[in-house]
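*Asks:* sequence first, predicted coordinates after that:
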Amino acid sequence: MLDANIDLSGVPFEERSFGVKEAIAILSVSESFYFELIAAGEIETYKSGRSRKITGRAINAYRAKCKEAA
């Protein structure tokens, strides 16, 4: 678990990693849709121990794909 005393304000969004709950809040999608995106290879994630993580860079890449498709 992340120490609440660590200040990440200087870390750029693209360099941060987010858990499932944070990612679905950032993307404004449901948990089931988030996992559908992963299964379809639409969004890049990685495993860290038993947790699935996503970087800010991967979130921005997905957003860019969505803008292109619109």
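*Replies:* Received it, and whenever you're ready, just let me know what you need.

*Asks:* how about the spatially most central residue of the chain, secondary structure?
*Replies:* Centroid-nearest residue in the chain, with C-alpha atoms, centre = their mean: residue 54, separated by 3.6 Å. Three-state call for residue 54 (DSSP: H, G, I helix; E, B strand; the rest coil): strand.

*Asks:* and it, bridged to which residues?
*Replies:* residue 18 (DSSP bridges).

*Asks:* contacts only, for it.
*Replies:* 17-18, 23, 43-46 (C-beta atoms under 8 Å, 6 or more residues apart in numbering). Backbone N, C-alpha and C define where each C-beta goes, glycine included.

*Asks:* out of those residues, give me the two with the largest separation.
*Replies:* Using C-beta to C-beta, those reach their maximum pairwise distance at 17 and 43, which is 13.6 Å.

*Asks:* what ranges do the strands span in this protein?
*Replies:* 17-18, 46-48, 51-55 (DSSP state E).

*Asks:* now distance to residue 5 and mean pLDDT too, for those strands, in TSV please.
*Replies:* Converted to TSV, the strands of the chain look like this (distance: least, C-beta to C-beta, whole Å; pLDDT from 0 to 100):
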stretch	distance to residue 5	mean pLDDT
strand 17-18	18	94
strand 46-48	21	94
strand 51-55	21	95
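
*Asks:* now those strands in JSON lines, with distance to residue 29?
*Replies:* Supplementary listing: the strands of the chain in JSON lines, determined by distance: least, C-beta to C-beta, whole Å:
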{"stretch": "strand 17-18", "distance to residue 29": "13"}
{"stretch": "strand 46-48", "distance to residue 29": "19"}
{"stretch": "strand 51-55", "distance to residue 29": "12"}
